[in-house]
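Student: the following comprises the amino acid sequence and a computationally predicted model.
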Amino acid sequence: MNPQLDPERLPRHIAIIMDGNGRWARERNRNRIFGHREGSDSVRNIVSCCRTLGIPYLTLYAFSKENWQRPDREVKALWRLLKSFLKSQLPEIIEKEIRLCHLGDPEGIPEDVLAQLQAAVAETARYDKLTLSLAINYGGRQEITRAARLFAADVQQGKCDLHALTPDRLSEYLFTTEFPDPDLMIRTGGEYRVSNFLLWQLAYAELYITKVLWPDFREPQLIEALCEYQHRERRFGKTSEQVRRTRSRTGEAKRL
Ligand code: FPP
């Protein structure tokens, strides 16, 4: 464990918007696809670091609903990259006992990529050392709309009562129903937006935005983000005094 980090105060769930591949490539006079390819190496590196650190959940925004608007050539290259990542990384994912999950709409994902993704999800379902969720063909608003529709269908079929709807109940219809909400959301590339990513789940996440472009985001940058996270006080709507009082009373403050 890195000596700068307190192993008792690591986030349980990290979510990342991996931005800046295009700019990274442009700075090197290369095309955007070159940047995405280098970005895949950052994915490998960050997954491996999270596994080593013992972070239980990592969610990566790999392809948004809005990314379909990109030039056709780039969209196709992103699908190729995802497929080859899944194929080449699966043995290591299995060896490290990582569970792979998909967040997003299966409809629309090219058949061969979807088949690869679903096979990897099935093959790793029994693992629990790290749950790696790939948000692919994902949008936060679409996810919440889908949850509302599923709940409405259950009401229509008499399976539940409309008045029993609470935030916790609605969460059960989200893709992330089994996972804790992210504690830390990292966005690389320096933009201050959430871009339709985990809109519901990020309600109380600590946000860490860095100008570092995704292909340059590797272990040292992750450690820096975690150090900053460990200095944040998470109040969940309470006052600072209340939080400190509870911590000293329970001796808790283990997990931020
Ligand atoms: C945003 O950078 C990045 C994406 C839309 C795709 C992310 C994909 C990868 C990191 C590679 C493949 C993923 C996996 C899981 C293997 P951008 O293109 O918007 O960058 P820019 O803002 O500099 O143009």
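Tutor: Thanks, I have the structure now. Residues are numbered from 1 along each chain as shown.
Student: host element of N137?
Tutor: In this structure, N137 sits in strand 130-138 according to DSSP states H and E.
Student: send the alpha carbons of that strand over as PDB?
Tutor: Extracted in PDB, the C-alpha atoms of strand 130-138 (Å, rounded to 0.1, in the frame of the first residue of the first chain):
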ATOM      1  CA  LEU A 130     -13.200  -6.200  -7.700                       C
ATOM      2  CA  THR A 131     -16.400  -5.500  -9.600                       C
ATOM      3  CA  LEU A 132     -15.500  -3.700 -12.800                       C
ATOM      4  CA  SER A 133     -18.500  -2.100 -14.400                       C
ATOM      5  CA  LEU A 134     -18.200  -0.800 -17.900                       C
ATOM      6  CA  ALA A 135     -20.800   1.800 -18.800                       C
ATOM      7  CA  ILE A 136     -21.400   1.100 -22.500                       C
ATOM      8  CA  ASN A 137     -24.300   2.600 -24.500                       C
ATOM      9  CA  TYR A 138     -25.100   4.200 -21.200                       C
END
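Student: any figure for the gap between the residue nearest to E107 when sequence neighbours are not counted and the ligand?
Tutor: In space, and not counting its chain neighbours, E107 is closest to N137: 7.8 Å by C-beta to C-beta, 6 or more residues apart in numbering. Using the backbone N, CA and C atoms, a C-beta is placed for each residue, glycine as well. N137 sits 12 Å away from the ligand, going by C-beta to the nearest ligand atom, to the nearest Å.
Student: how about E38?
Tutor: With C-beta to the nearest ligand atom as the criterion, E38 and the ligand are 9 Å apart.
Student: now do A125
Tutor: 19 Å.
Student: just Y173 next, same as before
Tutor: 25 Å.
Student: that residue: how many residues sit nearby?
Tutor: Neighbourhood size, Y173 [other C-beta atoms under 10 Å]: 18.
Student: residue farthest from the centroid of the protein?
Tutor: Distance from the C-alpha centroid of the chain, by C-alpha atoms, centre = their mean, peaks at G158 (34.0 Å).
Student: name the SS class of that residue, please.
Tutor: coil (DSSP: H, G, I helix; E, B strand; the rest coil).
Student: what about E95, how many residues nearby?
Tutor: So E95, with other C-beta under 10 Å, has 8 neighbours.
Student: and if you look at G22?
Tutor: 20.
Student: just checking, it touches R32?
Tutor: Yes. Using C-beta atoms under 8 Å, G22 is in contact with R32, at 4.3 Å.
Student: please name the nearest non-neighbouring residue to D6.
Tutor: Closest to D6 by C-beta to C-beta, 6+ apart is Q230, at 5.7 Å.
Student: for the one you found, give me its contacts.
Tutor: Shown in contact with Q230 (C-beta atoms under 8 Å, 6 or more residues apart in numbering): 5-6, 9-10, 256.
Student: which bits of the stretch 51-200 of the chain sit near the ligand?
Tutor: Within the stretch 51-200 of the chain, the positions near the ligand by C-beta under 6 Å from any ligand atom are 60, 62, 67, 78, 81-82, 85, 134, 189.
Student: quick one: D6 and P91, what's the gap?
Tutor: As for D6, its distance to P91 is 33 Å (criterion: C-beta to C-beta, to the nearest Å).
Student: those two: which is more packed in?
Tutor: D6 (14 against 9).
Student: ok, the more buried one to the ligand distance?
Tutor: 29 Å.
Student: helices of this structure, start to end?
Tutor: 21-26, 32-53, 72-95, 111-123, 140-156, 167-171, 219-230, 240-250 (DSSP state H).
Student: and D105, backbone torsions?
Tutor: phi -90, psi 120 (degrees, to the nearest 10).
Student: got a pLDDT number for the residue nearest to it when sequence neighbours are not counted?
Tutor: In space, and not counting its chain neighbours, D105 is closest to N137: 4.8 Å by C-beta to C-beta, 6+ apart. On pLDDT, N137 comes in at 98.
Student: quick one: neighbours of N137, just the number.
Tutor: 22.
Student: if anything else comes up later, I'll come back, but that's it for now.
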